[in-house]
Structures are given as structure tokens and as C-alpha cells.
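> structure here, sequence nowhere to be found:
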């Protein structure tokens, strides 16, 4: 059995465990934590398309989450449009906003780009927080929007239990991971990695770095907005400080940086490490020490950047490769003796 076969067996085993977990975990609290873990893994994987492969550091992706959440919720509450359709409308709107914002900001580098994205996200939050109506659309200002649980079922994107939400976000996560894998193997992925590491050299070779980064931002914005709709339907209540907060933007970036930006499984590993910490900090210290989880994330980030600057996925990958070599050692090439060579 070679490494490829073992990888397929391991992947199949992980998928079986992931889909079977709700059959074992019956606690609504633990299912809620798992849903949020997959939710942030999805967000970080979407962020990774531009923040990992393109080599930039966007810190305002919560704005796209908010656009997706508010768009689908307003269309559902005011016009009776299905949240599934509203999800796509929010994704398109977030893509347009992301492209408009990226045209000037992607020309910036380093801290300037990060600061510009923070300013953009905060501007969106302040606007939503201080506006009750945009034309006929009701935002409800700081009070947010409540989604009444009147009709349940798949067509209404509303369920009485946690299990359907679990499977929806799991499928969304697997889909965005597959998309990330395909992008990394396509020309766009190579262009992004080349433009992220050595933009001048890439442009000298004829790569349109700006265009590649703009496409990556458009894809990332669209996918991130889809998660906003999921969050709105899962929580049934959205308001600016929860859905468009810098906390969410920073947490997405922390998970990617600690897990390993620019890799397929880095965001998943980062979410597995950090999300339980964040959830338990909110449960046990939310009233006395709000924001403690961000302090812990910062300390973990410092440690990882000092000792594993490419994220925790690198030592885990090395350990996994060592395990593969033990399970299926690669045969060393046989030495051919001179007498064995025949004309």
C-alpha cells in the first residue's frame, strides 16, 4: 500500500467521522460549538484565497459577512424572498463591494493595506449602526434584526434542531476546501503565489498580479458573504456589533496565521485549535473578562510566529509524513550491478 492509498483511506475516515458526529454528540451545546467551529473554518478558508495565496493581509472580512447577513435577512423579512436566494444576492453584492474597495487598496502593501481594510469594515459597521432605513430597506440601526422562527424546513433555511445546520455548514466547508484546492492547482493559484512572494519578478515574467489579486478578492468576498446568511439563519438575530465587528475580522486572520496561511488545511487546523478556546472563554469569562479569547489568540500568534512562522500545519505535516513513511516505507532503489546490464 503506497502513500496515495493511505491518504485516501485517511480522508475517507475523517469524512465518515465528520458526518457521523451528530449521531454521537447529542448535546445541543456541543453541536452549537461544532457548528461555529466549522463556520469559522469556512470563513478562514474563504479568507485564505486572498489572504493566504495572494500574500496580502485583509482585516475587514467581517464587512462581507455583514453584507451577506443583512441582505438575505432584509429580503426575507420585507419581501418574503427565500434566504437561499438572498444568500446568492448577498454574495453578488459583497463581490461588487469587494471589487470596488480592492481597486485602490490592493495597490497598497503591508500595513497600509491592512489598515485600509480595517477602516472599510469599521466604516460599514458605523453606517449600519446609525442608519435605520436605506430607502425602503429597514436596517434597524443598533437594534439589529430579529428573524422570527415561524416556518421551519429546508426551503425556509430554518430548523428546530442543530443537526441540519451542522450538515449545511459542513458541506459548505468541504465545498470551499475543494474550491481552494482547485484554485491552488490552477493558473490563478500559481499567479497569486508568485505575486504574493515576488510581485516584481512575477510582473517581469508577464503575470498580471493586480488582476489575479482582484479575482481572488472577488471570490473571497462572495464566499464570505454566503457564510453571513448562514450565520443569520443559525442565530436568528443579527446586529452590527456581532456580525460586522473587528473581533470577527481579527479572529479570522488569527486562525489563518496560526493554522498556516496559503495552505489547504491550515485554516482547519487553526479553527480546531482556537475556536474551542474562544467559545469556552466566552462561556466562562464572557461577563468578567470580555475579549480574553483575543488576548489568548495574540499570545498564541506570537509563539507561533517565533517558532513556526508558517503555522502549525508545517510540524503537523512533517509528523504525518513521518507516519506515512513508517506505515508504507518508500523502497530504496536497487543497485544494479555491472554484470546485470545486458545489451
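That came through fine. Because the structure is predicted, anything quoted here is derived from the model rather than measured.
> show me the contacts for residue 311.
257, 258, 259, 260, 261, 263, 266, 269, 270, 304 (C-beta atoms under 8 Å, 6 or more residues apart in numbering). In short, each C-beta sits where N, CA and C put it, glycine included.
> got CSV for those, with neighbour count too?
CSV is the format used below for the contacts of residue 311 (neighbours: other C-beta atoms under 10 Å):
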residue, neighbour count
257, 24
258, 26
259, 28
260, 27
261, 24
263, 22
266, 27
269, 20
270, 32
304, 21
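> taking those together, which two end up most distant?
Within those, two members stand farthest from each other by C-beta to C-beta: 263 and 304, at 13.5 Å.
> returning to that earlier point: nearest to residue 104, of the contacts of residue 311?
Of all the contacts of residue 311, residue 261 has the smallest distance to residue 104: 23.3 Å, by C-beta to C-beta.
> name the SS class of the closest one, please.
coil (DSSP: H, G, I helix; E, B strand; the rest coil).
> okay, helices next: where are they in the stretch 51-200 of the chain?
Taking DSSP state H, counting those that start in this stretch as the criterion, the stretch 51-200 of the chain contains helices spanning 62-79, 83-105, 111-130, 163-185, 187-197, 199-204.
> quick check: buried residues in the next helix or strand after the last one?
Towards the C-terminus, the helix or strand next in line after helix 199-204, according to DSSP states H and E, is helix 209-235. Of the residues in helix 209-235, those buried under the neighbour-count criterion (16 or more other C-beta atoms under 10 Å) are 209, 212-234.
> list the contacts of the residue lying closest to residue 83 once chain neighbours are set aside.
Distance criterion C-beta to C-beta, 6 or more residues apart in numbering; nearest residue to residue 83, sequence neighbours excluded, is residue 157 at 4.0 Å. If a contact means C-beta under 8 Å, 6+ apart, then residue 157 has 82, 83, 84, 87, 229, 233 as its contacts.
> cutoff 10 Å now
Shown here is residue 157, whose contacts under the criterion C-beta atoms under 10 Å, 6 or more residues apart in numbering are 72, 76, 82-84, 86-87, 147, 151, 164-165, 168, 229-230, 232-234.
> just residue 52 next, same as before
Contact analysis of residue 52 by C-beta under 10 Å, 6+ apart lists 44-45, 180, 184, 192-193, 196, 216, 220, 256-257, 259-264, 266-267, 311.
> any idea how far residue 110 is from residue 148?
For residue 148, the distance to residue 110 equals 46 Å [C-beta to C-beta, to the nearest Å].
> ok, now residue 18?
Relative to residue 110, residue 18 is positioned 37 Å away (C-beta to C-beta).
> between these two, which has more neighbouring residues?
residue 18 (16 against 9; other C-beta atoms under 10 Å).
> return the residues in contact with that one.
Neighbouring residues of residue 18 by C-beta under 10 Å, 6+ apart: 34, 38, 166, 167, 170, 173, 174.
> so where is the chain shaky, pLDDT-wise?
Within the chain, the stretches with pLDDT under 70 are 1, 330-343.
> before we move on, the earlier item: closest to residue 14 out of the helices of the stretch 51-200 of the chain?
For residue 14, the closest of the helices of the stretch 51-200 of the chain is helix 163-185, at 10.5 Å, according to C-beta to C-beta.
> what angle do that closest one and helix 187-197 make?
Counting by axes from the mean of the first three to the mean of the last three C-alpha atoms, to 10 degrees, helix 163-185 points 80 degrees away from the direction of helix 187-197.
> just checking the distance from helix 163-185 to the centre of its chain.
With C-alpha atoms, centre = their mean, to the nearest Å as the basis, the distance from the averaged C-alpha position of helix 163-185 to the chain average is 10 Å.
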